[in-house]
Every structure is written in structure tokens, then in C-alpha cells.
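Engineer: Coordinates for the following, if possible.
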Amino acid sequence: MPKLSILYRSKFRAAAFVVEGVNLQDVQVIALELKKDRLSYALYGIFLALRLYGLAYYFRYTDKTREALRNSADKILFWDCCYFEEYRMLNRMLGKEKARNVFFWNPLSRWSSDCKYLKKQLDYLKARGFAFFTFDPADAEKYAISRIRNVNRKLPVQEDVKWDFYFIGAPKDRRVFIENLEKRLEAKGFTTNFKLVESKADYVSNYDNIKLSAQSKCIVDVMSPEQQGLTLRPFDALFLEKKLITNCASVKKFDFYDTANIYVIEGDDLNGLDEFMATPYKKLDETLVCRYEVNQWIRENFLN
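Structural biologist: Here you go, the predicted model:
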């Protein structure tokens, strides 16, 4: 019997990439596979709204998923995988004896822009034994939930360096900053590979992203204004032993921050960037690096 069951959705590709890297003997990984026919989807919505959770549960998940959930461990970790109403349903169907933990892999605004709604849902589930964790300091304070280190998957990838700077991401509200940054880097004589993901055709798999990151000398991290916790880019750089340039000043508070490896963009200039790129990467203690690797993270936080 596993000590911990991690529940995730394969639809959320970045999360699936990390969770599927878990190889601990005491941990079971369960993909929440949904029924895909329209009738099941419609009936799930109706029964969920009526709080007929047994019927909603039946029409939500495949037979394989329901069987896996029946045999799940006494401790559950939801990897930011459900709407709040779905947590209510699972709370009823999993039984009272199971410990319920939710790790918010993204800012809570992903699920709703209504702060009052989010607080109400969190309070309801907290009263029923749910424990919530987030990497985002603003969400931790606003919603009175536990802050925890962010986490990533470490892959042993080695590639020849092909360019100085690499960026990938959706433009969102960052387009002007990203495009201007690329122009400024190229004006300094650096080579760049910037990929704006604006459609399915632009999508790069997580595995390919790691390879492209490994082919760069420095990974570029541009954080959206609404997010305060670190993105995954600093951890890609940490695991691949690559330099990082970022607009996230809070990275200076982390134990892996070193001016030899991380350049923080402040203001409109790039003073000191040439010197930063000319110095070699400073190798960090492996014990420190492993604290952010998914298997070690799980051991420390959910198997202790």
C-alpha cells in the first residue's frame, strides 16, 4: 500500500511533466482521466450542481480512474488539478479517513479572479480537513495557506551551446517587455532564441524545452505582474547549470541566488550584463540544488 497518492491532470502539461518524474517506492501517481463523451460531461455538471456527488463522480471519471482512487493511499496530494466544486465532490467520495493536501502549482487567480469566492471555497474545504500549499507568497498571505518551495523535475540533459539567450512563453501582458529585451540583447551582440507561444503550432513539449534550454548559455525568465513566486525557469537554470536573467527581484531571497549565476533586470538598463555573461557559471552544492527536485521535495514535505 502506498503512503502517498498524487493526483494530477495530464491536460496540464507542465504539471504532468513534473509529476511523471516521481519514482519513489511509497508514492502512487494517479492521472485523473475524465470521460470524454458529451452526455457524461453534461450529466456530471447537472449532478454536481445538485450535489448528487456519487452520480457526478461516476460521470466525471473513467472506470480506470475510479478504481485507482478506490485503492489510493491514506494521504492524498492534489497537484493543482481540480475546480473547487470538484474538490467538494472528491471530499465526499474519497472518505473521511484520507488526509487531503492541495499544492497550488499556479497562482490561485488561475481558478477565479474573485477573491471572495476563492476565500469562501478554501474556508469550506479547510473546515473539512483539507490542507493547502502554495509557492506564491502573495497567495499564501491573502488566503492564509501554507507557503512551500516551488519544485521542478531534473533531467540529465547535455547539449552543445548554440546561442546566448533562450526564452519561451506566452506573451500575455509581457509582449512589449519581451520583444524589447530581445532587441536590446541583440543590439549588444548576443545571439538569441526567443519563442512566443501564441497558438498550438508554437507549442514546445517540456522535454524539448529542456533540450533547448540546455543549448543556451543563459535562460531568460520574464514574470507576469500578477505572480510573485518564482516561475519554473530559475529551476531549469539551476538543474542545467545555466545562467539566468530575470525581472523577478525576489529571486535574491532564495538560497541558490548567486550574482555569478543570476542577473536581475532592474530599470531600463542592462548595466553589467556583458561582465555577467563573460564570467563562468559558479557550480552550487548539490545538496542545495536537490531541495527543489520533485522526489526530494515530496520526501521532505509529504512523506515525513
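Engineer: quick one, strands of the protein?
Structural biologist: Listed in chain order, the strands of the chain (DSSP state E) span 4-8, 27-31, 75-78, 99-104, 130-134, 146-147, 163-169, 192-196, 216-221, 243-246, 262-264.
Engineer: Tell me the strands beside the fifth one, with direction?
Structural biologist: Applying DSSP bridges, strand 130-134 is found paired with strand 99-104 (parallel), strand 146-147 (parallel).
Engineer: Return the most buried member of those strands.
Structural biologist: Of all the strands paired with strand 130-134, strand 99-104 carries the top mean neighbour count, a mean of 20, counting by mean count of other Cβ atoms under 10 Å. C-beta here means a position set from N, CA and C on the backbone, and glycine is covered the same way.
Engineer: quick one: low-confidence ranges for the stretch 201-304 of the chain?
Structural biologist: Scanning the stretch 201-304 of the chain for pLDDT under 70 picks out the ranges 225-229.
Engineer: so where do the helices sit in it?
Structural biologist: With helices called from DSSP state H, counting those that start in this stretch, the stretch 201-304 of the chain shows them at 206-214, 233-240, 273-278, 286-290, 294-302.
Engineer: What of the stretch 1-150 of the chain?
Structural biologist: 13-19, 38-49, 53-60, 63-70, 84-94, 115-126, 137-143.
Engineer: coming back round to it: same list, the helices of the stretch 201-304 of the chain, but as a markdown table with mean neighbour count and distance to Ala131 please.
Structural biologist: Shown next, in a markdown table, are the helices of the stretch 201-304 of the chain (neighbours: other Cβ atoms under 10 Å; distance: least, Cβ to Cβ, whole Å):
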| stretch | mean neighbour count | distance to Ala131 |
| --- | --- | --- |
| helix 206-214 | 18 | 28 |
| helix 233-240 | 23 | 24 |
| helix 273-278 | 13 | 41 |
| helix 286-290 | 12 | 24 |
| helix 294-302 | 17 | 10 |
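Engineer: Make CSV out of the helices of the stretch 1-150 of the chain and add mean neighbour count.
Structural biologist: Compiled in CSV, the helices of the stretch 1-150 of the chain are given as follows (neighbours: other Cβ atoms under 10 Å):
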stretch, mean neighbour count
helix 13-19, 19
helix 38-49, 14
helix 53-60, 19
helix 63-70, 14
helix 84-94, 18
helix 115-126, 14
helix 137-143, 17
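Engineer: and these as CSV, adding mean pLDDT and distance to Arg233?
Structural biologist: Below are the helices of the stretch 1-150 of the chain laid out as CSV (pLDDT from 0 to 100; distance: least, Cβ to Cβ, whole Å):
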stretch, mean pLDDT, distance to Arg233
helix 13-19, 92, 11
helix 38-49, 96, 35
helix 53-60, 97, 34
helix 63-70, 96, 32
helix 84-94, 94, 29
helix 115-126, 96, 26
helix 137-143, 93, 18
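Engineer: Save these as JSON lines, and put in distance to Lys243 too.
Structural biologist: As requested, the helices of the stretch 1-150 of the chain are arranged in JSON lines below (distance: least, Cβ to Cβ, whole Å):
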{"stretch": "helix 13-19", "distance to Lys243": "22"}
{"stretch": "helix 38-49", "distance to Lys243": "46"}
{"stretch": "helix 53-60", "distance to Lys243": "45"}
{"stretch": "helix 63-70", "distance to Lys243": "42"}
{"stretch": "helix 84-94", "distance to Lys243": "40"}
{"stretch": "helix 115-126", "distance to Lys243": "37"}
{"stretch": "helix 137-143", "distance to Lys243": "25"}
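Engineer: hang on, the earlier thing: closest one to Thr134 among the strands paired with strand 130-134?
Structural biologist: Judged by Cβ to Cβ, the one of these that comes nearest to Thr134 is strand 99-104, at 4.2 Å.
Engineer: which residues does the spatially most central residue of the chain contact?
Structural biologist: Centroid check for the chain by Cα atoms, centre = their mean gives Trp105 as the closest residue, at 4.2 Å. Applying Cβ atoms under 8 Å, 6 or more residues apart in numbering to Trp105 gives the contacts 12, 14-15, 79-80, 135.
Engineer: For Asn180, find the nearest of the strands of the chain.
Structural biologist: Proximity to Asn180, assessed across those by Cβ to Cβ, is greatest for strand 192-196 (11.2 Å).
Engineer: quick one on the thing from earlier: can you tell which of the helices of the stretch 201-304 of the chain is closest to Val151?
Structural biologist: Closest approach to Val151 among the helices of the stretch 201-304 of the chain (Cβ to Cβ): helix 294-302, 4.3 Å.
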